[in-house]
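> got a predicted structure here, sequence first:
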Amino acid sequence: MGSSFGTVLKISTFGESHGGGVGAVIEGCPPRLPLSLADIQIELDRRRPGQSHLTTQRQEADQVEILSGVFEGYTTGVPIGVLVRNKDARPAAYEHLKGLYRPSHADYTYEAKYGHRNWQGSGRASARETIGRVAAGAVARKLLSAVGEVEIVAWVCQVGKITGHIDSETVTRVAVEEHATRCPDPGVRDTMATAITNARRDGDSLGGVVACVVRGVPPGLGDPVFDRFEADLAKAMLSLPAVKGFEIGSGFGGVLLRGSEHNDLFDTDPDGKIRTRTNYSGGVQGGITNGENIFFRVAFKPTATISRSQETRNRDGDSVVFAGKGRHDPCVVPRAVPMVEAMCCLVLADHFLRQRTVDLLPPL
């Protein structure tokens, strides 16, 4: 329960931060899709720890293994199993957490739910669980490349109070990957890096916002009412560790406009294709994609583990002074970019496959 996602393309992730390894089982991927270790590894390399001075210094190569579902370079149609073994786990470093509840962590809630919890790091609640998601997202991205010209680009648009200004119509993955912050705005990315470094120096952390644009999505993806495209997208993003907010298109800013200003009026392009003049809807209307770029933003809270001393409580309810130890990101958003893209790829690929059942018969 709670570890699976998707309808036709379905993933189940497994593993814990300081256990033997983490990974995923991917069901519903069609056969005969070209798939290699390199297709998955390139995405895992973007999310792995220790890639810059702005991230956790845990040293993990995150080398992926494909255990099943791929033969002679092609998917076979059976479940795909992927595994990344933990190499730099230090479970003993967390022994002091056995009897206390860290502020804003899942320690208390997991214990309240299960009556027993893994106190080694954050266990299942650790962002290391997202390795399985990113690996599965790489498979979904490969599937998307086989069915159309879909492009997914995510980037850091805000760290703390520092906001970048990026054109979602033109931003590229190359520009995003140029800097350790993964912010493609040259005017603010060094300031962002300094702010993250200063927060770590102060024993503190920062939150931020990741934006994402999806280009080349055809109209018609998504289902009415409960399976609206943006609803599935929201669930995907809100399931990521540390996420506290999601908005699509104009989002909360749309409340400042009147309907006459906010409505996306229809037009036609030079080829006679139906388009909208604006895109306040963020590419989705009535829960179904309309062919415009999908644009959304995801808010990440400040990292909960900080080295600054804080008061908390232990199992007996006694007051305890706690200071975080271990290796943690002072700001999660630079490494969250590939996680956001991965979950977006999974939603898109799942809805592409679901749409195939609708398109069995020719239109009237």
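Received it, and whenever you're ready, just let me know what you need.
> just the strands in the stretch 51-200 of the chain please.
Secondary structure of the stretch 51-200 of the chain, counting by DSSP state E, counting those that start in this stretch: strands at 64-68, 70-71, 74-75, 80-85, 100-101, 151-159, 162-163.
> which one of these lies nearest to Gly2?
strand 80-85 (19.6 Å; Cβ to Cβ). Bear in mind the C-beta positions are built from the backbone N, C-alpha and C, glycine included.
> using CSV, write out every CA atom in the closest one.
C-alpha atoms of strand 80-85 as CSV (Å, rounded to 0.1, in the frame of the first residue of the first chain):
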residue,chain,number,x,y,z
ILE,A,80,11.1,-4.4,-15.5
GLY,A,81,13.1,-4.6,-12.3
VAL,A,82,15.8,-2.0,-11.5
LEU,A,83,18.1,-1.9,-8.5
VAL,A,84,20.7,0.5,-7.1
ARG,A,85,22.7,-0.8,-4.2
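> what does that strand contact?
Strand 80-85 has contacts (Cβ atoms under 8 Å, 6 or more residues apart in numbering) with 20-27, 29, 35, 40, 44, 62-70, 131-132, 135-136, 139.
> among the residues you listed, name the ones in helices.
Using DSSP state H, the members of the contacts of strand 80-85 that fall within helices are Ile40, Leu44, Ile131, Gly132, Ala135, Ala136, Val139.
> what about Val333, neighbour count?
Val333 has 32 neighbouring residues, counting by other Cβ atoms under 10 Å.
> and it, what pLDDT?
Val333 is assigned a pLDDT of 96 by the prediction.
> list the contacts of it.
By Cβ under 8 Å, 6+ apart, Val333 lies in contact with Val156, Val159, Arg182, Gly207, Gly208, Val209, Val210, Phe300.
> cool, and Val340?
Val340 is in contact with Ala154, Val210, Cys212, Met237, Leu240, Val298, counting by Cβ under 8 Å, 6+ apart.
> count of residues packed around the fourth one?
Applying other Cβ under 10 Å, we find 26 residues neighbouring Met237.
> also Gly245?
16.
> can you show me the helices along this structure?
Remark: helices assigned in the chain by DSSP H are 37-47, 107-114, 130-147, 173-176, 189-201, 229-238, 259-262, 333-358.
> who are the packing partners of the first one?
By that I understand helix 37-47. strand 64-68, helix 130-147, helix 333-358 (3 or more Cβ pairs under 8 Å, 6 or more residues apart in numbering; DSSP states H and E).
> recalculate using a threshold of 10 Å.
If you count contacts as 3 or more Cβ pairs under 10 Å, 6 or more residues apart in numbering; DSSP states H and E, helix 37-47 packs onto strand 64-68, strand 70-71, strand 80-85, helix 130-147, helix 333-358.
> again, but for the third one
In this structure, helix 130-147 packs against strand 10-15, strand 21-27, helix 37-47, strand 64-68, strand 74-75, strand 80-85, strand 151-159, helix 333-358, with contacts taken as 3+ Cβ pairs under 10 Å, 6+ apart.
> and the end-to-end length of stretch 238-247?
Separation of the first and last residues of stretch 238-247 by Cα to Cα, to the nearest Å is 11 Å.
> repeat that for stretch 156-169.
Start and end residues of stretch 156-169 are separated by 15 Å (Cα to Cα).
> for Cys157, give me its contacts.
By Cβ atoms under 10 Å, 6 or more residues apart in numbering, the contact set of Cys157 is 163-166, 168, 171, 182-185, 188, 208-212, 297-298, 333.
> leaving out sequence neighbours, find the closest residue to it.
Spatial nearest neighbour of Cys157, excluding adjacent residues (Cβ to Cβ, 6 or more residues apart in numbering): Ala211 at 4.3 Å.
> tell me if I'm right that the one you found and Gln158 touch.
Yes. In terms of Cβ atoms under 10 Å, Ala211 counts as a neighbour of Gln158; the distance is 8.4 Å.
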